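Enquirer: Need coordinates for the following:
(2 chains)
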Amino acid sequence: MEPLANGNSTVATATTASPTATSLPSLHAGVPSSKLSQLTDSLKLEHQFLRVPFEHYKKTIRANHRAVEKEVSAVMSGLSDAADLSQDDAVQHLNSLVSRLQGLKRKLEDGSRAEHLQAQRCRARLDHLESADADNISEWNNTRLKRILVDYMLRMSYYDTATKLAETSSIQDLVDIEIFYEAKKVIDALQNKEVAPALAWCAENKSRLKKAKSKFEFQLRLQEFIELVRSDNNVRAVMYARKYLAPWAATYMKELQKVFATLAFTSNTGCEIYKVLFEPKQWDYLMDQFKQEFCRLYGMTMEPLLNIYLQAGLSALKTPFCYEDDCTKEDPLSQESFRKLAMPLPFSKQHHSKLVCYITKDLMDTENPPLVLPNGYVYSTKALEEMATNNNGKITCPRTGLVYNYTEVTKAYIS
Amino acid sequence: MELKTVRDAFDRVAKKQKLSASKYQQVIDQVGDEIKQAMTDIQSADPPSSIDHKSVITNLKRKLDTIIPQEQLEKSQKELNTNLSQYPKILGKFLDTDISKAYRNVDFDLHIVNQIIISQLYHEGLFDVADILINEAQEPEIISLRCHFVEMHQILKALKARNLEPALSWVSANRHKLKQSGSNLEFDLRRLQFLELFQKGNQSDAINFAKTYLSPFASNYRNEFLKLMGCLLWPGKLQTSPYSDLLLPAKWEDLIKEFTMQFCSLIGASSKNPLSVTIEAGAQGLPTLLKLANIMAVKKQEWAAMKQLPVAVELGSEFQFHSVFVCPVSRDQSSDDNPPMLLPCGHVLCNQSITKLSKNNTRMFKCPYCPFEAWVAQCRQLCF
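Expert: This next block holds a predicted model:
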């Protein structure tokens, strides 16, 4: 079957390659309405693309604002102190306040540079979405694939790959590498069983985490408590609990009680309920939890974009025919790896017949209607006409090898 | 276009941010200046005892309390805050806030996904990126595939620089297989080589070249061959000849495409990368799937157990790899158990529909689409 399948694909190129330059404009004139609406629909999927850099921008603005508020009020209260000093000391104190203000100014300049860069990034994203149109669609789609891949790599913590891919494709402004580096610090620390950076991150984003009713900080505190119990430091564990766990008691009483019971059971307990609390997988769990909180805070999807698009694409492409032996190589589902991924997904559904010519792979529609050979095999008019002109009106069925006259074919009407 | 609304909203945020940033600068400068002024007042008092530094500072403090436009700062900050919280709302209005709603919670095998990505990077010629990924994800290299694609990209690079040699030597190494698949690639390459040579102006070289390399194609590519020979009549002015279309740069692009196809087909790969095909199909299908997910959420239906999507996801014709026949009567997709049948009038229905119409093959039935009547025995099974 192999040489035949190859033969077919060449016929396909021979027919599609010839009319290139001349037929392109007319093709464009016919396509836009449906293609463009499809394009606008797919732009609507780009929420994360616009939202993430904006959240970053917002964060910088807020941080700058807080710095100003803090410093200015510190200077103001510093003034009151100066009044109680001797004259020389007072002057010196005033001088230190002035240099403090200058420091703030420098800091603000850095801050507004960051703000400016981030605003630019937000604009670059809007520009990129606006740049998509029918003429550059394949290039644009290619960039989208690269963006989606970079997102996947960042979420999987493949930072070097992400950076390299973004560099080689010059899409640094279209991906969120810096933002993920912020997560990297926390993730690396959690991998080393350290909670401090994660707690610092929680403090930094306190109000937003609280708004989202996040439990993450509580879970970190529980883990620290468990670690104290593990090291038999019971007194400190109790002190720790008083200080850091008690405030959560109202909301998470049950969990708190459970964790507290470990004081009695200790780390080498055989009791299942408490044993799991000491297992190393708790740290993996914290890491997953952090990734989720992090994505939520920045308005990212919970799943990598790649998985979402890939799954949707596989569902849309999956038909029972994909699993047959003669499935064309051009179908992604002809490949074992794609088939495996598509396994748990539903088949696509069609409301209307869509027939593809076995020989040319062209759609058989009213312009290129299907023709039936006496053996019941169906091919497109274009393919059979070409075969007939090249072979003195004879047609060879590529799948059975039977030879017919072109006059023997009949039309089929597909509605 | 709604993107414009989004952009306007963003511009408002950026404007307010600039405004409040410059206000900060102003306030800081003002406070600094006032303090400096107070310092000079204290220091320049003559004699020093003539001025009470405490009262200067108290005055300064009173003054700063009035000039620091505390409320003003807060006001501009408030306006900025409104805009800051408005922008995400506008984004949410025009875009799908969470496309993972359409995601069914089935875990993809990480290893398979990584292997697919590595193949994709090879296919695109991004070998250095692939190598870093292999290292970072600790995936095995796909050595044979890498070798193939390295070769392909080397030849492509040469072709883009209008160097045909590597492509020609690949073709001659694979002549047998290419012939089996009925490829025109070798002739296309030789034709371009001939034209390049002829364009350079050395006619006898071109004729000698044609004798050695083109004549073997004369019988199989008669028309094309004659055209090339015709070119010889227009030395130096091929551009204005009837054969000028042979010189279009598009010919090179076509050749590159054709070569990629042939190369991929010989190594058993698809010419368009399967990952990009799937992702593109996903981008076209996601809007429909999202709508479906929303409806399913309202109806509280579980779609994890579904065998087939309840709606049709319309994809462009480039994603149509298989013939799908849907019976116009029953709306069922044809299958091995329920094949499409051709009626003598030329209309096509599914076998089950025909059985029903003919009351279990017991009588003649009328075609639902024309006045023709037929027996089941007159219908023929079709194979698309």
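
Enquirer: tell me the domain ranges of chain B?
Expert: B:2-96, B:110-161, B:168-274, B:323-381 (automatic domain parsing).

Enquirer: And those domains: which comes nearest residue A:350?
Expert: For these, the distance to residue A:350 is smallest for domain B:323-381, at 4.7 Å, taking Cβ to Cβ. For the C-beta atoms, the positions are set from N, CA and C on the backbone; glycine is no exception.

Enquirer: From the opening residue of the closest one to its closing one, how far?
Expert: Using Cα to Cα, to the nearest Å, the end-to-end distance of domain B:323-381 comes out at 15 Å.

Enquirer: could you dump the domains of chain B to JSON lines with mean neighbour count?
Expert: Formatted as JSON lines, those follow (neighbours: other Cβ atoms under 10 Å in any protein chain shown):
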{"stretch": "domain B:2-96", "mean neighbour count": "16"}
{"stretch": "domain B:110-161", "mean neighbour count": "18"}
{"stretch": "domain B:168-274", "mean neighbour count": "16"}
{"stretch": "domain B:323-381", "mean neighbour count": "17"}
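
Enquirer: Which pLDDT value goes with whichever residue of the stretch 51-200 of chain B sits closest to chain A?
Expert: Residue nearest to chain A within the stretch 51-200 of chain B (Cβ to the nearest Cβ): residue B:181, separated by 3.5 Å. With respect to pLDDT, residue B:181 scores 78.

Enquirer: Tally up the residues packed near residue A:214, please.
Expert: 19 (other Cβ atoms under 10 Å in any protein chain shown).

Enquirer: could you pull out the strands for the chain?
Expert: All of this is about chain A. A:347-349, A:355-356, A:363-364, A:370-372, A:378-380, A:394-396, A:403-405, A:410-411 (DSSP state E).

Enquirer: wait, I meant chain B there
Expert: Applying DSSP E to chain B gives strands spanning B:308-312, B:340-342, B:348-350, B:365-366, B:373-374, B:380-381.

Enquirer: With distance to residue B:110 as added columns, please give these in CSV.
Expert: Shown next, in CSV, are the strands of chain B (distance: least, Cβ to Cβ, whole Å):
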stretch, distance to residue B:110
strand B:308-312, 26
strand B:340-342, 41
strand B:348-350, 42
strand B:365-366, 55
strand B:373-374, 56
strand B:380-381, 45
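
Enquirer: Switch those over to JSON lines; also include mean pLDDT and distance to chain A.
Expert: Below are those laid out as JSON lines (pLDDT from 0 to 100; distance: least, Cβ to the nearest Cβ, whole Å):
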{"stretch": "strand B:308-312", "mean pLDDT": "87", "distance to chain A": "5"}
{"stretch": "strand B:340-342", "mean pLDDT": "94", "distance to chain A": "6"}
{"stretch": "strand B:348-350", "mean pLDDT": "94", "distance to chain A": "5"}
{"stretch": "strand B:365-366", "mean pLDDT": "92", "distance to chain A": "15"}
{"stretch": "strand B:373-374", "mean pLDDT": "92", "distance to chain A": "14"}
{"stretch": "strand B:380-381", "mean pLDDT": "92", "distance to chain A": "5"}
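
Enquirer: quick one: stretch B:2-15 to chain centroid distance?
Expert: 27 Å (Cα atoms, centre = their mean, to the nearest Å).

Enquirer: And the strands of chain A: which comes nearest residue A:297?
Expert: strand A:347-349 (35.4 Å).

Enquirer: Which elements pack onto that closest one?
Expert: If contacts are counted by 3 or more Cβ pairs under 8 Å, 6 or more residues apart in numbering or on different chains; DSSP states H and E, strand A:347-349 sits against helix A:305-317, strand B:308-312.

Enquirer: quick check: angle from the first one to strand B:308-312?
Expert: In this case it means helix A:305-317. Using axes from the mean of the first three to the mean of the last three Cα atoms, to 10 degrees, the inter-axis angle of helix A:305-317 relative to strand B:308-312 is 80 degrees.

Enquirer: Return the alpha-carbon coordinates of helix A:305-317 using CSV.
Expert: The C-alpha trace of helix A:305-317 is given here as CSV (Å, rounded to 0.1, in the frame of the first residue of the first chain):
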residue,chain,number,x,y,z
LEU,A,305,-2.4,26.4,27.3
LEU,A,306,-0.7,23.6,25.3
ASN,A,307,-2.9,21.0,27.0
ILE,A,308,-6.1,23.0,26.5
TYR,A,309,-5.4,23.6,22.8
LEU,A,310,-4.1,20.2,22.2
GLN,A,311,-7.0,18.5,23.8
ALA,A,312,-9.5,20.7,21.9
GLY,A,313,-7.7,20.0,18.6
LEU,A,314,-7.6,16.2,19.2
SER,A,315,-11.3,16.1,20.0
ALA,A,316,-12.1,18.1,16.9
LEU,A,317,-9.9,15.9,14.7
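
Enquirer: No further questions, thank you.
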